[in-house]
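Asker: Requesting a structural model of the entry that follows:
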Amino acid sequence: MTGTLPAVAHLDAIHRLIEAEMEGLPVEEHDPTKGLPLQVVSFGAREVNAAMECMVTTWVTMGRRVYDFEDQWARYCGCTQGVMSNSGSSANLLMLAALVETGQLSRGDEVLVPAVGWSTSLFPVAQVGLVPILVDVEPDTLCIDPARAREAITPKTKAALAVHLLGQPADVTALQDMGLLVAEDACAAPGAERDGRRAGSMGVGGTFSFFFSHHLTTCEGGITVFRDPVLADAARSLRAHGWVRERSDREAHVAAHPEIDERFLFVSSGWNLRPTEMAGAMGQEQLKRLPAWIERRRRNHGSWCEMLADTPGVTVLPELPGQVHASFAFPLLLDAEIDRAACMRHLESRGISTRPISGSNLARQPAFERVVGARVGGPLPVADRVHTHGLFVGNSHAFGDGHGLLLKDALEEFFRG
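Answerer: Below is the predicted model of the structure:
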């Protein structure tokens, strides 16, 4: 659907009204005396005005703003192709389905998946006909452990899904050196780097989430990035009903099927996972803010690790040499004798929001039994520790040393009894 822009004076008036109503947003500086939330409001009048322009023109479904944002995000990641979708979970589904659609993977192939991750890092592997094998994670990164991955490989193992957990970049190179095709779940790791390579550009594809609580937000939304246009074209069809409309090779398909109206020409068994035009507009504005915000998050991560380094009963996970930690959240591992639930209750009582670390050990989730073909590829001692003694607190561009001191004081108070 298309529309006509209203008179400039009217649009300017709308912009001014929104700017007045949203003064002070996004939150750039949060007061630590008000606690340590998981996230603060990370969008403001610029994003809302961009989305509003889509509304007043009546072009609200996926269009030019989405396509422009796809190009901008792909370039930011060091890739050439971007396929935006309605969530990071859908982005994972599209990435894996595109690998099957193009024959880079075949149904029944085994894919190594870290045992610590989000549910929709695991589920889409089986949903596209692949076989997920859970592998333990490294104690200092909580990302897939290459040594345990090597032990789990069988003649059917063809790929690995590297989850850059909470912004920590996984060792993609080590997995590739085993001859594995590596896909990246970077939903919580925009801007993360390892050995000079940015998350999303290291493997055959990478995914990102733009949910409200993430580094940047389009309210709901996600994207998959590729360097291979063939994979991107497959993902574009799979995203939108299986049709050819957004494919770069559209004309070839149209020429091959002249008897079918090209507007309703379907070449894949797809879904409807499209984003809105408003999401694309918000994404373009949010991307302008991202580099500075990541640096603030990264600074927090380093500072808080230093503050807590000597705190008894807790282990932190500092950024490692040669890496850029995107610092989605701040993870902690408690010692074995500590009651995690009691510790989390104490932190919450001090205004510090807490969560378990992602889905923790996914093999211990009741849904694991319903994931077709899924199995465990060896012992999972680190994932088990994360499951019982891991937690995270929020990190944000709006936080600082005061929030780290709040966390330190609350933990020391709890450990003193």
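Asker: Please count neighbours and contacts with C-alpha atoms only from this point.
Answerer: Will do.
Asker: Tally up the residues packed near S360, please.
Answerer: By the criterion of other CA atoms under 10 Å, S360 has 23 neighbours.
Asker: wait, it sits on A383?
Answerer: Yes - with contact defined as CA atoms under 8 Å, S360 reaches A383; the gap is 6.7 Å.
Asker: joint contacts of these two?
Answerer: Common contacts of S360 and A383 (CA atoms under 8 Å, 6 or more residues apart in numbering): 115-116.
Asker: Just the pLDDT for P379.
Answerer: On pLDDT, P379 comes in at 98.
Asker: In space, what's closest to it - neighbours in sequence excluded?
Answerer: Once flanking residues are discounted, P379 sits nearest to D136: 7.0 Å by CA to CA, 6 or more residues apart in numbering.
Asker: what's around the nearest residue to V393 once chain neighbours are set aside, how many residues?
Answerer: Counting by CA to CA, 6+ apart, T354 is the residue found nearest to V393 once chain neighbours are left out, at 4.9 Å. Neighbour count for T354, taken as other CA under 10 Å: 20.
Asker: ditto for A152
Answerer: Neighbours around A152, by other CA under 10 Å: 17.
Asker: could you list every residue that touches it?
Answerer: Taking CA under 8 Å, 6+ apart, one finds 112, 133, 135, 377-378 in contact with A152.
Asker: Buried ones among those?
Answerer: Buried by 16 or more other CA atoms under 10 Å: 112, 133, 135, 377, out of the contacts of A152.
Asker: element containing the first one, please.
Answerer: Put plainly, it is L112. L112 is part of strand 110-114 when elements are defined by DSSP states H and E.
Asker: quick one: average confidence on that strand?
Answerer: In this model, strand 110-114 has an average pLDDT of 99.
Asker: other SSEs contacting that strand?
Answerer: strand 131-135, strand 157-163 (3 or more CA pairs under 8 Å, 6 or more residues apart in numbering; DSSP states H and E).
Asker: other SSEs contacting the following helix or strand past the longest one?
Answerer: Which is strand 157-163. Downstream of strand 157-163, the first helix or strand assigned by DSSP H and E is helix 172-176. Helices and strands touching helix 172-176, by 3+ CA pairs under 8 Å, 6+ apart, are helix 146-152, strand 181-185.
Asker: what about H164, neighbour count?
Answerer: 30.
Asker: so what's the backbone phi/psi at it?
Answerer: Per-residue torsions, H164: phi -80, psi 80 (degrees, to the nearest 10).
Asker: In contact with it: list those residues for me.
Answerer: 143, 170, 184-189, 199.
Asker: would you list those residues in JSON lines and tack on pLDDT and distance to E70?
Answerer: Below are the contacts of H164 laid out as JSON lines (pLDDT from 0 to 100; distance: CA to CA, whole Å):
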{"residue": "C143", "pLDDT": "98", "distance to E70": "27"}
{"residue": "A170", "pLDDT": "98", "distance to E70": "24"}
{"residue": "E184", "pLDDT": "99", "distance to E70": "17"}
{"residue": "D185", "pLDDT": "99", "distance to E70": "17"}
{"residue": "A186", "pLDDT": "98", "distance to E70": "16"}
{"residue": "C187", "pLDDT": "98", "distance to E70": "15"}
{"residue": "A188", "pLDDT": "98", "distance to E70": "18"}
{"residue": "A189", "pLDDT": "98", "distance to E70": "17"}
{"residue": "A199", "pLDDT": "98", "distance to E70": "16"}
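Asker: Since that was my last question, I'll sign off now.
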